[in-house]
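Peer 1: starting from these lines, generate the structure:
(chains A and B)
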Amino acid sequence: GAGVSQTPSNKVTEKGKYVELRCDPISGHTALYWYRQSLGQGPEFLIYFQGTGAADDSGLPNDRFFAVRPEGSVSTLKIQRTERGDSAVYLCASSRGGISETQYFGPGTRLLVL
Amino acid sequence: EDQVTQSPEALRLQEGESSSLNCSYTVSGLRGLFWYRQDPGKGPEFLFTLYSAGEEKEKERLKATLTKKESFLHITAPKPEDSATYLCAVQAYAGGTSYGKLTFGQGTILTVHP
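Peer 2: Residues are numbered from 1 along each chain as shown, chains lettered A, B, ... in the order given. As a prediction, the model looks like this:
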């Protein structure tokens, strides 16, 4: 079946603008994760959903970042008042449900804040 | 706080020249250690999960091993198509609670020359 998909693949925005990044997990996967990867670094955890609820949002850097998963499938990461430091690749991953299940990653959304 | 350190940062090999990548970790309780491969402009691709010291897993030219403090990814007779960034990540388990998030190292950039 299809893997994790993310849209858009690239997003360029201006400082102060609002952006939404979308993730479509693998069909049937109940767990969904968001990570952020800066150039030359490994991915950094942001938030984890089990079903519709955020089970762990300890990685969100501040209150400008928010994520939802209203129907337990597609998720949207929302960034308000973007800053240049938000520029990074935002990765989404999904797993079948158990916490120790393998996480499968999407291709990422490359966000550039000018 | 969970920490993962990978070495070397970059490794250049000739085709057929075997070598190993190191992943040292500090975690409150190890739920699992994961190896991923990441090609430029793409999301991480799952390779292996190791759960307990002494465990080994193999896939083609790759073999992953685990001790209580580190993991090694051994590459036997590499080919140019093995060139990629290899990421190591840990998932913690502490106090009866499993944490879904992965904590990644910064990666090792492997280049295999023909």
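Peer 1: which residue is nearest the middle of chain A?
Peer 2: When C-alpha atoms, centre = their mean is applied to chain A, the residue found nearest the centroid is A:Trp34 (3.3 Å).
Peer 1: which residues does it contact?
Peer 2: By C-beta atoms under 8 Å, 6 or more residues apart in numbering or on different chains, the residues touching A:Trp34 are A:Cys23, A:Phe45, A:Leu46, A:Ile47, A:Tyr48, A:Ala67, A:Ser75, A:Leu77, A:Tyr90, A:Leu91, A:Cys92. All C-beta atoms are positioned from the backbone trio N, CA, C, and that covers glycine.
Peer 1: tell me which of those has the lowest pLDDT.
Peer 2: Among the contacts of A:Trp34, A:Tyr48 carries the weakest pLDDT, at 93.
Peer 1: host element of that residue?
Peer 2: A:Tyr48 is part of strand A:44-50, with elements assigned from DSSP states H and E.
Peer 1: could you restrict the contacts of A:Trp34 to the ones contacting chain B?
Peer 2: Filtering the contacts of A:Trp34 for proximity to chain B by C-beta under 8 Å from any C-beta of the partner chain leaves A:Phe45, A:Tyr48, A:Leu91.
Peer 1: just the buried residues of stretch B:61-73, please?
Peer 2: Within stretch B:61-73, the residues that qualify as buried are B:Leu62, B:Lys63, B:Ala64, B:Thr65, B:Leu66, B:Glu70, B:Ser71, B:Phe72, B:Leu73, counting by 16 or more other C-beta atoms under 10 Å in any protein chain shown.
Peer 1: what's the local residue count around B:Gln38?
Peer 2: For B:Gln38, the neighbour count with other C-beta atoms under 10 Å in any protein chain shown is 21.
Peer 1: the helix or strand of chain B with the lowest mean pLDDT: what's the following helix or strand?
Peer 2: Ranked by mean pLDDT, DSSP states H and E, the weakest helix or strand in chain B is strand B:97-104, scoring a mean of 81. Once the chain leaves strand B:97-104, the next helix or strand it forms, by DSSP H and E, is strand B:108-113.
Peer 1: that following strand near chain A at all?
Peer 2: No - Strand B:108-113 does not reach chain A (C-beta under 8 Å from any C-beta); its nearest approach is 8.8 Å.
Peer 1: got the CA positions of that strand in CSV?
Peer 2: Extracted C-alpha coordinates of strand B:108-113, given in CSV (Å, rounded to 0.1, in the frame of the first residue of the first chain):
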residue,chain,number,x,y,z
THR,B,108,26.8,9.3,10.0
ILE,B,109,27.2,10.3,6.4
LEU,B,110,28.6,7.3,4.5
THR,B,111,30.1,7.8,1.0
VAL,B,112,31.2,4.7,-0.9
HIS,B,113,33.5,5.3,-3.9
